[in-house]
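Asker: Build me a model:
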Amino acid sequence: MLEVLPIQDKQEQEALCARCKIEFSTELLAYKALVDGELRGICQFTMNAEGGRIVDFAHIPDGYEFEPMFVMGRAALNFIDLCGVHTAFFDATYENETLIKAIGFSSNPDGRYEIDLTDFFKEPCKHSNK
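Answerer: Residues are numbered from 1 along each chain as shown. The predicted model follows:
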């Protein structure tokens, strides 16, 4: 069973970051992706006046699976949107451009991955990648 859950304990967040080989940052919010109770990935993100930002996005070494990572990315965006922030950026170092675009991001004129979340979760299947 696939689960994407918020990480509410900073010690757990730090341990999961270490497992996924990313730097832990205490001020960031985080989600974890699990399949049958086993960690598949982690997403650390934040929000400010500019918008939401996915800062870190990583799967466990030698354990990449598209679906858990996709759902985790969408979950982070949904949380950002529910907080009233309707622009988000993908600022993480992550090589899988296909996944980044599938989540909904597209490259803006500055070459930064961006998404307008206005009404995105009302009918997400109608949104296309640019």
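
Asker: biggest strand in this structure by residues?
Answerer: Once the chain is assigned using DSSP state E, the strand that runs over the most residues is strand 38-48.

Asker: After that strand, which helix or strand is next? Please name it.
Answerer: Counting by DSSP states H and E, the element after strand 38-48 in chain order, helix or strand, is strand 51-59.

Asker: That following strand - contacts with which helices or strands?
Answerer: Strand 51-59 makes packing contacts with strand 38-48, helix 66-82, strand 87-90 when contacts are defined by 3 or more C-beta pairs under 8 Å, 6 or more residues apart in numbering; DSSP states H and E. Backbone N, C-alpha and C define where each C-beta goes, glycine included.

Asker: Quick one: work out the angle between the first one and helix 66-82.
Answerer: Taking axes from the mean of the first three to the mean of the last three C-alpha atoms, to 10 degrees, one finds that strand 38-48 is oriented at 30 degrees with respect to helix 66-82.

Asker: for the record, mean pLDDT for strand 38-48?
Answerer: Here strand 38-48 scores 97 as its mean pLDDT.

Asker: What of the shortest one?
Answerer: What strand 87-90 shows for mean pLDDT is 97.

Asker: residues of it that come out buried?
Answerer: Buried residues in strand 87-90, counted by 16 or more other C-beta atoms under 10 Å: 87, 88, 89, 90.

Asker: swap in the longest one?
Answerer: For helix 66-82, the neighbour count (16+ other C-beta under 10 Å) marks 68-77, 79-81 as buried.

Asker: Next one: residue 100 from residue 122, what distance?
Answerer: Per C-beta to C-beta, to the nearest Å, residue 100 is found 22 Å from residue 122.

Asker: Show me which of those two is the more surrounded one.
Answerer: residue 100 (22 against 8; other C-beta atoms under 10 Å).

Asker: so what's the more buried one up against?
Answerer: 73, 90, 94, 113 (C-beta atoms under 8 Å, 6 or more residues apart in numbering).

Asker: give me that answer again for 7 Å
Answerer: The neighbours of residue 100, taking C-beta atoms under 7 Å, 6 or more residues apart in numbering as the test, are 90, 94, 113.

Asker: Please consider this matter closed, and thank you.
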